[in-house]
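1. Kindly generate the corresponding structure for this input.
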Amino acid sequence: MQSLLQQIYPPRCLGCDTLVTTDFGLCGACWRETGFLTGLVCDKCGAPLPGEEAGEPVFCDDCLTLARPWARGRAAFAYGGTGRKLVLALKHADRQDIARPAAGWLLRAAGPILVPEMLVAPVPLHRLRLLKRRYNQSALISAAFARLAGLDHCPDLLQRLRHTGSQDGRDRDGRFANLTGAIRAHPGRATRLWNRPILLVDDVMTSGATFAAAAEACLAAGAASVSTLALARVAKQP
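-> Numbering: from 1, shown residues only. Model (predicted):
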């Protein structure tokens, strides 16, 4: 049956729709243009850095300057090229099928920061945004990632209390100000996060303002520690 389905509906590249050999895959050209982050990266946010790994954590300029409330972070690929195209398709074009391969890309990036008993949770959407979009793209990828990693998942661990609007067009200070007090831990999920390491998952990290607000909410509710994982990182290539 599977073979028959593949003959009728042959696998196509997630990025450009050309024929590929496996389901939920990328063709060679799109793979090269996705910008997967490998090698030396910032231990706080996953941004690519020049140089080679030396066994010690290193940090980008932003993470040396800003007080990040989370402990460690990673990202699967840079926000550009095919990577940007995939994120936008997942977010705005109802391409929920992208969540499945995204889980594998996230697992490969997250390896160094995973710890036992970690609880995975998505960055929340406000209910008005969720009603309009019908799904939280971050919850889709966090659920798929948690299944693949064998970790607990709590899709409603956090709540967005007010509609903050888009972060596009705001400078760094504006992004942080816009998220102040906007996220809290779900009152009914306090026992799930208490004294546990939390892994927050989002589709894109730019300034880190959203991750910071979410991490602060987790820590205020009693989380032991917080780490972050983004599908894409907006950052300059080294």
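
2. care to break this protein down by domain?
-> As recorded under automatic domain parsing, the domains making up the chain are 1-34, 35-233.

3. For the ones you listed, which has the smallest mean pLDDT value?
-> Summarising mean pLDDT across these, the least confident stretch is domain 1-34, with a mean of 80.

4. buried ones in it?
-> By neighbour count with 16 or more other CB atoms under 10 Å, domain 1-34 contains the buried residues C13, L14, G15, V20, D23, F24, L26, C27, C30, E33, T34. No exception for glycine: its C-beta is placed from N, CA and C like everyone else's.

5. What residues does R160 make contact with?
-> With contacts defined as CB atoms under 8 Å, 6 or more residues apart in numbering, R160 is in contact with P124, L125, H126, R127, A182, I183.

6. try it again with 10 Å
-> For R160, the contact set (CB atoms under 10 Å, 6 or more residues apart in numbering) comprises 123-130, 136, 179, 182-184, 210, 213-214, 217.

7. Would you mind measuring from it to R129?
-> Remark: distance between R160 and R129 (CB to CB, to the nearest Å) = 8 Å.

8. Then I183?
-> With distances taken as CB to CB, I183 is found 13 Å from R129.

9. For these two, work out which one has more neighbours and name it.
-> The residue with the greater number of neighbours, taking I183 and R129 and applying other CB atoms under 10 Å, is I183; the counts read 23 against 15.

10. do you know how far that one is from E53?
-> 33 Å.

11. same question, A143
-> For A143, the distance to E53 (CB to CB) stands at 31 Å.
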